[in-house]
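Enquirer: 3D model of this:
(4 chains)
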Number of protein chains: 4
Amino acid sequence: MKIGFIGLGNMGNPMVRNLLKHSHTVRVFDVVPELVNKLTELGCEAATSAGKCAHGADVVITMLPSSPHVRRVYQDAHGVLASVSPGALLIDSSTIDPHTARDVAMDALGKRLAMVDAPVSGGTGGAEAGTLTFMVGGSADNFARAKPILEAMGKNIVHCGDAGNGQVAKICNNMMLAVEMIATAEGMALATKLGMDPQVFAAIANTSSGRCWSSDTYNPYPGVIPTAPASRGYSGGFGTDLMLKDLTLVTEAAKAAKQPVMLAAAAQQLYQMHSTMGNGALDFSSIIKLYIKQ
Amino acid sequence: MKIGFIGLGNMGNPMVRNLLKHSHTVRVFDVVPELVNKLTELGCEAATSAGKCAHGADVVITMLPSSPHVRRVYQDAHGVLASVSPGALLIDSSTIDPHTARDVAMDALGKRLAMVDAPVSGGTGGAEAGTLTFMVGGSADNFARAKPILEAMGKNIVHCGDAGNGQVAKICNNMMLAVEMIATAEGMALATKLGMDPQVFAAIANTSSGRCWSSDTYNPYPGVIPTAPASRGYSGGFGTDLMLKDLTLVTEAAKAAKQPVMLAAAAQQLYQMHSTMGNGALDFSSIIKLYIKQ
Amino acid sequence: MKIGFIGLGNMGNPMVRNLLKHSHTVRVFDVVPELVNKLTELGCEAATSAGKCAHGADVVITMLPSSPHVRRVYQDAHGVLASVSPGALLIDSSTIDPHTARDVAMDALGKRLAMVDAPVSGGTGGAEAGTLTFMVGGSADNFARAKPILEAMGKNIVHCGDAGNGQVAKICNNMMLAVEMIATAEGMALATKLGMDPQVFAAIANTSSGRCWSSDTYNPYPGVIPTAPASRGYSGGFGTDLMLKDLTLVTEAAKAAKQPVMLAAAAQQLYQMHSTMGNGALDFSSIIKLYIKQ
Amino acid sequence: MKIGFIGLGNMGNPMVRNLLKHSHTVRVFDVVPELVNKLTELGCEAATSAGKCAHGADVVITMLPSSPHVRRVYQDAHGVLASVSPGALLIDSSTIDPHTARDVAMDALGKRLAMVDAPVSGGTGGAEAGTLTFMVGGSADNFARAKPILEAMGKNIVHCGDAGNGQVAKICNNMMLAVEMIATAEGMALATKLGMDPQVFAAIANTSSGRCWSSDTYNPYPGVIPTAPASRGYSGGFGTDLMLKDLTLVTEAAKAAKQPVMLAAAAQQLYQMHSTMGNGALDFSSIIKLYIKQ
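Expert: As a prediction, this is how the structure comes out:
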């Protein structure tokens, strides 16, 4: 299987390495030459443009930072859609707004190309371990074609419905996560302020109706869960500014859909305030700093 | 064991019946005579005041609607604290503010009486089935004395620390729950508005970082979880106005402690708005009606 | 006219001095003896309890910190209501919740005493200059009796309707103020962040539909209004913690009335967060610090 | 003076008519032919494209619905910037985001064309009466050139600073307005719920620190101000959906600038919820319907 891979950053690089481990032939491109060089040393072929990377490939995978990048790479005059061979499968793993994802997929369909959106969760750790979750939007046929390739990079490959639904699933899940993390931060901060031991309160909430992933797996209170970022100074994990990027995507998608999301909009503001105070690089669970004296 | 039980409403009545099943002798009191009569028919002795109900009992249990009721029943001139025998154990299962709980417990301590606060979760269903969770605040000794009695009425008896901590655990857990339910409602409403199937989105969130009790056990979107109130028109369950009562307690406790709880305060307002629109008697998961066209 | 005055703090002291200037005879009481002594030096008679201060007076004025103080001073067994002569006029200038104000006024009515609630605006500056605004709740007759006395201490004496309405007017006005100040802070912070001169933007808003007292008289951006606290490091003025007290009163009154106040509840939280960060003693317009880098 | 005018909707049409009254020669263009015809009947020359409308004009004025329209009209291959004569003055009166305004102005500068952004307030009423306020961003020279032309259509021509600042002033003012209107709605709703007469409360707030344009000129409570939309069923005025458009612009500009605007974001959500409930066409002061029973 000849794969073209475009976008070789912190996520793209380990994803390519996992493809190589599964004996795929991978041609790579990035606008930063050093990122290309790192992978040619491991046996990848280098391309000098997105279009050339796509040319002749059976599958093209993209991992890009934002919607404008995706539009450019796919829709430019010499971009992927103009360069790829008929019958190729296109997989965009970037996290972008569903509207752009659907627009590009529609363009691909117009050229009789198979495309799925397949954003991931699991972060750089999951990318390296090959344990990412892929949320895939596209037809059942395209999902069936994409699945074995994605399995080289991930553990959990979920079909979310038609084109764009991978993005919808990703950003709506993260919207819930963002609010639940603040709910947990407020609960932990208030319970301890009112005199409870944080471990005791967390144990009770985690076996009660307040239970959520943010409380039982990723608790923001230092020391409650030894493996969580809160127990190592909020280093590693999922950065506040990355969460803020997803919240911005999802609140704008909600505005475009004329759908109220009261608490998510408030959460977006709180992470913004937290980032403005200089905490953008810390794990997003550090939002609890807004609630407890340091 | 001679038990005095004060407060015989929807919760108190089945709790007394479970005590009877465990062969306890129960003397009962309520300001509403009919509620007393229902239980004398089953073998309880009737008292004509709270003080007389407490007089001579080994254990006094109270299940009352609010803080002022608790103050009156315990602290009035002829109330429980003035009437009970030295050495008796006092258990208050009302949900009230932690400040009042601690104040009454301190009064009891001053009279060398053992007292715990032990609010419950599990609702009228749990009260009838004898499967309530009791969150208990008080010394280790008092907890040890209360535990076997509470086991006649509940399944899960948790020690939360010193006096008042039962209340703290209860209201802080419910505060998290209230926010997480809205997070779930916003996520379900937006994902479906953007084109996803509600079952598919719920399945993804429930195996991802957005997972919470409100999404995987009590999902507010009709039809996602057949046994949840959402799948039967939001009847039964935990009413919006009861959630609003707990949110009012917890946001006032936060104000008194000078502790910010931004999203909980916003949630309190949204449940208030929902109740004002006439939905106070529906299960609190009906808050999703603010987000989806009917 | 023989006046009894109870509560001799930062507000009460200058109010009494203005009464003396208008040749009233004033008997005073406070639980802090030094506060009493300061005024006996100026010719007031000292009382040793609230009840004794009220005994034989034509008019009793109270200026107390909170609802429980008002209840105690008026309703205790030897308090004002039990001690004052029939026909006396009672004026409570404390800022408290309307429910307590109405309850005490009802008690007074039951004893055939005339009572009005008359909270003030204008701060310690207005108290000293005798330019306070009094918002008066009570019958037209009682208002007519109170007016000439209040004119010794204030400039603007407004009849707000029946008992309690003085409090309603005061806290609802301050609720609007609290939100409008944040609206102004957000507008000033964003306009300058996007490149505008603060003076130019303020001038435009102040002649447009964004105009409000917080923008045209008390602008929170340093330097825009030379006489505002913002132009002297947020010293003087109306402290954040005082605003927080009023917001707590009004959001609790709203909860009791089952009335949503979404933005006021959010504002209460923001002032709380600002106070928690150590800014409680600064003028409330310092809330802009949440929005601009220092 | 030969003027090209592009965008002939509810605002553009009366603006052109006022230019005609001041003896200007006006060539017009709109994508909807009927809108062009209405004005050729009054003596305007018709153009068949934006570029042709601009060709040979001394001044080009545009009044368009959104940023993408502005980009297209100015920056397309045959658009205004490509077609207009050197030395012409370009005035964009659309309300758009400041970033796009600055980008287009920069393009114009690159072609040595003079450009200002000049969004308006005053609505269709002001456009017809020639009493609009123009908030102008651009160099002092360009402002001086634009002013006499704008005076044919408006009464108040304000220089806000460099390019884009007209947009900043407009959207930041409207952001303050949006929040202050809700502050007023919450204050009026709570004061009346707690027993005050709406007229009496409004009169007090309007002479106190709660005073704002929304309370003293455009009060949302029916009957308080006879000329306000609230006193005629919220017809006419400034529609909820138009306010929502401006709030969406301003909250997105704030996100791009990484500037928190907590209450504005909450207000955006409340107007969104209000619109979703079917009130988008009503004046924005109808937001009070969220707070009072109908």
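Enquirer: Wait, residue A:29 touches residue A:44, no?
Expert: No: in this structure, residue A:29 is not within contact of residue A:44 by C-beta atoms under 8 Å, at 9.9 Å. For every residue, glycine as well, the C-beta is placed using N, CA and C.
Enquirer: Now the common contact residues for the two.
Expert: residue A:5 (C-beta atoms under 8 Å, 6 or more residues apart in numbering or on different chains).
Enquirer: how about the strands in the stretch 1-150 of chain A?
Expert: Per DSSP state E, counting those that start in this stretch, the stretch 1-150 of chain A carries strands over the ranges A:2-6, A:25-29, A:45-46, A:59-62, A:89-92, A:114-117, A:120-121, A:132-137.
Enquirer: Figure out which of those strands is closest to residue C:230.
Expert: Of all these, it is strand A:120-121 that lies closest to residue C:230, at 45.2 Å by C-beta to C-beta.
Enquirer: Contacts for that closest one, please.
Expert: With C-beta under 8 Å, 6+ apart, strand A:120-121 has contacts from A:11, A:93, A:95, A:126-127, A:132-135, A:154, A:170, A:173, B:208-209.
Enquirer: ok, back up a step: kindly reformat the strands of the stretch 1-150 of chain A as JSON lines and extend each row with distance to residue A:191.
Expert: Compiled in JSON lines, these are given as follows (distance: least, C-beta to C-beta, whole Å):
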{"stretch": "strand A:2-6", "distance to residue A:191": "47"}
{"stretch": "strand A:25-29", "distance to residue A:191": "50"}
{"stretch": "strand A:45-46", "distance to residue A:191": "55"}
{"stretch": "strand A:59-62", "distance to residue A:191": "45"}
{"stretch": "strand A:89-92", "distance to residue A:191": "43"}
{"stretch": "strand A:114-117", "distance to residue A:191": "40"}
{"stretch": "strand A:120-121", "distance to residue A:191": "29"}
{"stretch": "strand A:132-137", "distance to residue A:191": "31"}
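Enquirer: ranking those by mean pLDDT, which is last?
Expert: Mean pLDDT per stretch puts strand A:120-121 lowest among the strands of the stretch 1-150 of chain A, at a mean of 93.
Enquirer: Show me how far that one is from its chain's centre.
Expert: Distance of strand A:120-121 from its chain centroid, counting by C-alpha atoms, centre = their mean, to the nearest Å, is 4 Å.
Enquirer: thinking again about what came up before, Throw the strands of the stretch 1-150 of chain A into TSV and include mean neighbour count and distance to residue C:20, thanks.
Expert: Formatted as TSV, these follow (neighbours: other C-beta atoms under 10 Å in any protein chain shown; distance: least, C-beta to C-beta, whole Å):
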stretch	mean neighbour count	distance to residue C:20
strand A:2-6	25	85
strand A:25-29	22	87
strand A:45-46	15	92
strand A:59-62	26	82
strand A:89-92	26	81
strand A:114-117	28	79
strand A:120-121	22	73
strand A:132-137	26	77
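Enquirer: Of all these, which one is nearest residue C:228?
Expert: When these are compared by C-beta to C-beta, strand A:120-121 sits nearest residue C:228, at 49.1 Å.
Enquirer: How much space separates the residue sitting nearest the centre point of chain A from residue B:271?
Expert: Nearest to the mean C-alpha position of chain A, by C-alpha atoms, centre = their mean, lies residue A:120 at 4.4 Å. Separation of residue A:120 from residue B:271 (C-beta to C-beta, to the nearest Å) stands at 35 Å.
Enquirer: Would you mind pulling the contact partners of stretch A:10-18?
Expert: For stretch A:10-18, with C-beta under 8 Å, 6+ apart as the criterion, the contacting residues are A:5-6, A:8, A:26, A:28, A:30, A:35, A:38-39, A:42, A:44, A:61, A:63, A:93, A:120, A:124, A:127-128, A:130, A:132, A:152-153.
Enquirer: could you redo the last one with a cut-off of 6 Å?
Expert: A:5, A:26, A:39, A:63, A:124, A:127-128, A:130, A:152-153 (C-beta atoms under 6 Å, 6 or more residues apart in numbering or on different chains).
Enquirer: That'll do, ta.
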